[in-house]
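Visitor: show me the folded form of this:
(chains A and B)
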Amino acid sequence: MQSDHAIGSSAGTTNSSNVILQAENVSVFYGSFKAVRDVNMNIAKNQVTAFIGPSGCGKSTLLRCFNRMNDLVAGARVEGRINFRGQNLYDEKFSRQLEEVRRQIGMVFQKPNPFPKTIYENITFGARINGYQGNMDELVETSLRKVALWDEVKDKLRQSGLSLSGGQQQRLCIARALAIAPEVLLMDEPCSALDPISTLRIEDLIQELKQNYTIVIVTHNMQQASRVSDMTAFFNVEIDKGGRIGNLVEYDLTQKIFQSPSQKATQEYVSGRFG
Amino acid sequence: MTTAQGPDSVQDEQAKYTVDLPQRYRFDFVFATATWIATAIGLVVLAILLIDILTDGTGRLSLNFLSNNPSSRPALAGVRPALFGTLWLLALTTLFAFPIGVGAGIYLEEFAADNRLTQFIEINISNLAGVPSIIYGLLGLAFFVRVMAPITGGRSVLSGALTLALLVLPIIIVATRESLRTVPNSLRQAGLALGATKWQVIWEQILPLAFPGILTGTILALSRAIGETAPLIVIGAATFITTIPGGLQDRFTALPIQIYDWVSRPKVEFHRNAAGAIIVLMVVLLLMNATAVFLRNKYQKARQL
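Guide: Reported below is the predicted structural model:
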């Protein structure tokens, strides 16, 4: 059942030509509270990048900056630059078209959150509001095929998305995100509410999707990170007088992070000694 | 988990608990009984009221009672102008209060920043819901009847409806906000993450789910509005009128006014007319509430799909 995932051998270093997302001195604040400080990282195209680290280390917070979903949190503020294909997402220009940013950088959430509408409408909503001109029936089929859900639901497209199992719901949510043709897919602990078998199916799916998409995944599950990702970023929390601040400790090939990390904290975390 | 202490100390710990189920069951029984009595008192009072009204008023109910105008002879008097006045008020009040109330509710819940100004507005709206209705009547008299007389035509059905709309606006706003709050935030995030604008998410995903609650709140608020007497008396609704409003600026009366007028007369026959008019008013209310339940069930089915 479990396929052998070849890990990051082709990944290599992230040279500037295939970098799609780039964090430069990114700090995130909630009001006056600093949640994440001074993150610098390049995320390569068509790779899976995993964010790991203990609770409160800011990995989800940083992920939500990549499609500016953090803007929805009252008082959230970002310093530094997050470049998407070389352009700073926090420029004034993008602030006036957040919807287009989010169409190109899709997101899958921790808990499956299909709309309480039909499976069909779940897929078509994003396409419709973004002015999709193609054939909707075809779009529904190809999107559901991309997540290997088509055969399971092709006879019940008019049933509620909520009638599916948790794992199917999450794949529906991924299909919904893919239906608007994003380049990047951000996944915020997409398997943490799923059973082990559903989890494996999503992991297989992630491997397939990276052919066409760039995937950034936050996970609490270190085995998952080592199975699915090419690059891994380890975040940690430091206790400061100002509170708990997340920071990026080490970012490297997944193999290196799990086998010979250069930082002691990374070594302790991936070997399960804390976190 | 590990037993550093022996089994003896576990028994010692056990001994510190006095389970005494019979005593706890007695309390259960006492409270269940107390809440049952509270319910029964409410129901009995309601039943007595209903029986009293029905015995007094059923005899007066007839098509003539509905189609006749008021008269100084109780046997000939009917509720036609009052019934039509009430229906006019109901329609106009809905027309004004529903879009404005739901709109304000959506703005405050979905668009407004959560700052001190919003909180201040929130507190004031909640307070307005508790202001005595006669105060709204005074406002209506000063503003709609006098200041806006060229538009409203003075003591007209339009002035009455605008006054009642003000009265129920806070209730509709609060009901709208509360139903919007029951829609999980994860759906808003899902919509926005797909590149939808705020309004697209609200219109396509949030409002359909909140709609049954908004509708119930609105209809309960309107039920309150059509039972109101005080504000209409203050703005000068007619107590004796034999015409029904043909336009917005026409004079009007309403069922509560007619009831108030009849019960304050010395003749017993008029009191029976009042009981009859109360039954008519209650039927209108029942129909409204039935509509609310019907629409709510319909939309809830759509929601579960």
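Visitor: what ranges do the helices span in the chain?
Guide: No chain specified, so I'll use chain A. Counting by DSSP state H, the segments of chain A that form helices are A:59-65, A:92-95, A:98-104, A:119-129, A:136-146, A:150-153, A:166-178, A:196-209, A:222-228, A:254-259, A:264-270.
Visitor: was after chain B, sorry
Guide: So, for chain B - with DSSP H - the helices run B:7-15, B:21-57, B:63-67, B:80-106, B:116-128, B:133-140, B:149-152, B:157-181, B:185-193, B:198-201, B:207-227, B:230-234, B:255-263, B:268-304.
Visitor: lowest mean pLDDT across the ones you listed, which one is that?
Guide: Ranked by mean pLDDT, these bottom out at helix B:7-15, with a mean of 81.
Visitor: may I have that helix as CSV, with CA atoms only?
Guide: Extracted in CSV, the C-alpha atoms of helix B:7-15 (Å, rounded to 0.1, in the frame of the first residue of the first chain):
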residue,chain,number,x,y,z
PRO,B,7,-2.9,-0.6,47.8
ASP,B,8,-3.7,0.6,51.3
SER,B,9,-3.3,4.2,50.4
VAL,B,10,-5.6,3.7,47.4
GLN,B,11,-8.3,2.6,49.9
ASP,B,12,-7.5,5.6,52.0
GLU,B,13,-8.0,7.8,49.0
GLN,B,14,-11.3,6.0,48.2
ALA,B,15,-12.5,6.6,51.8
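Visitor: burial check on residue 135, number of neighbours?
Guide: Using chain A. 10 (other C-beta atoms under 10 Å in any protein chain shown). Bear in mind the C-beta positions are built from the backbone N, C-alpha and C, glycine included.
Visitor: actually, chain B is the one I wanted.
Guide: B:Ile135: 14 neighbours (other C-beta under 10 Å).
Visitor: need the residues of chain A near chain B, please.
Guide: Chain A comes close to chain B at residues A:67, A:69, A:72, A:74, A:99-100, A:102-103, A:106-107, A:109, A:111, A:113-118, A:125-126, A:129-130, A:159-160, A:162, A:173, A:176-177, A:180, as judged by C-beta under 8 Å from any C-beta of the partner chain.
Visitor: could you identify the buried members of those residues?
Guide: Buried subset of the residues of chain A next to chain B (neighbour count, 16 or more other C-beta atoms under 10 Å in any protein chain shown): A:67, A:69, A:99, A:102-103, A:106-107, A:109, A:111, A:113-118, A:125-126, A:129-130, A:160, A:162, A:173, A:176-177, A:180.
Visitor: tell me the pLDDT of A:Ser16.
Guide: For A:Ser16, the model assigns a pLDDT of 54.
Visitor: coming back round to it: which of the helices of chain A has the lowest average pLDDT?
Guide: Minimum mean pLDDT among those: helix A:92-95, a mean of 88.
Visitor: show me what counts as buried in that one.
Guide: Buried-residue list, helix A:92-95, by 16+ other C-beta under 10 Å: A:Phe94.
Visitor: show me how far that helix is from its chain's centre.
Guide: 22 Å (C-alpha atoms, centre = their mean, to the nearest Å).
Visitor: same for that helix, what does it pack against?
Guide: Applying 3 or more C-beta pairs under 8 Å, 6 or more residues apart in numbering or on different chains; DSSP states H and E, one finds that helix A:92-95 contacts strand A:87-88.
Visitor: hmm, try it at 7 Å
Guide: For helix A:92-95, not one helix or strand is in contact under the criterion 3 or more C-beta pairs under 7 Å, 6 or more residues apart in numbering or on different chains; DSSP states H and E.
Visitor: the closest residue to A:Val270 other than its chain neighbours: neighbour count?
Guide: Of all residues not flanking A:Val270 in the chain, A:Phe258 sits nearest, at 5.3 Å (C-beta to C-beta, 6 or more residues apart in numbering or on different chains). Neighbours of A:Phe258 under the rule other C-beta under 10 Å: 22.
Visitor: just checking, A:Phe258 touches A:Gly272?
Guide: No. Using C-beta atoms under 7 Å, A:Phe258 makes no contact with A:Gly272, being 11.4 Å away.
Visitor: how near is A:Tyr30 to A:Thr61?
Guide: 8 Å (C-beta to C-beta, to the nearest Å).
Visitor: who has more neighbours out of those two?
Guide: More crowded of A:Tyr30 and A:Thr61, by other C-beta under 10 Å: A:Thr61, with 20 against 15.
Visitor: OK, contacts around that one?
Guide: A:28, A:35-36, A:70, A:246 (C-beta atoms under 7 Å, 6 or more residues apart in numbering or on different chains).
Visitor: which of the residues you listed tops the neighbour count?
Guide: So for the contacts of A:Thr61 (other C-beta under 10 Å), the most neighbours sit at A:Val36, 27 neighbours.
Visitor: please give me every residue in contact with that residue.
Guide: A:26-28, A:58, A:61-62, A:246-247.
Visitor: just A:Met136 next, same as before
Guide: A:Met136 neighbours (C-beta under 7 Å, 6+ apart): A:124, A:127.
Visitor: before we move on, the earlier item: out of the helices of chain A, deepest packed?
Guide: Most buried of the helices of chain A by mean neighbour count (mean count of other C-beta atoms under 10 Å in any protein chain shown) is helix A:166-178; its value is a mean of 24.
Visitor: which residues does that one contact?
Guide: A:106-108, A:112-114, A:119, A:122-123, A:126, A:143-144, A:146-147, A:149, A:152, A:161, A:164, A:185, A:190, A:193-195, A:198, A:201-202, A:205, B:194.
Visitor: hang on, the earlier thing: could the contacts of A:Val36 go into a markdown table alongside distance to B:Thr39?
Guide: Output for the contacts of A:Val36, formatted as a markdown table (distance: C-beta to C-beta, whole Å):
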| residue | distance to B:Thr39 |
| --- | --- |
| A:Val26 | 59 |
| A:Ser27 | 58 |
| A:Val28 | 53 |
| A:Gly58 | 53 |
| A:Thr61 | 50 |
| A:Leu62 | 55 |
| A:Gly246 | 54 |
| A:Asn247 | 59 |
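Visitor: returning to what we had before: kindly present the helices of chain A as JSON lines, with separate columns for distance to B:Arg73.
Guide: JSON lines is the format used below for these (distance: least, C-beta to C-beta, whole Å):
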{"stretch": "helix A:59-65", "distance to B:Arg73": "76"}
{"stretch": "helix A:92-95", "distance to B:Arg73": "75"}
{"stretch": "helix A:98-104", "distance to B:Arg73": "70"}
{"stretch": "helix A:119-129", "distance to B:Arg73": "63"}
{"stretch": "helix A:136-146", "distance to B:Arg73": "70"}
{"stretch": "helix A:150-153", "distance to B:Arg73": "73"}
{"stretch": "helix A:166-178", "distance to B:Arg73": "71"}
{"stretch": "helix A:196-209", "distance to B:Arg73": "79"}
{"stretch": "helix A:222-228", "distance to B:Arg73": "87"}
{"stretch": "helix A:254-259", "distance to B:Arg73": "96"}
{"stretch": "helix A:264-270", "distance to B:Arg73": "94"}
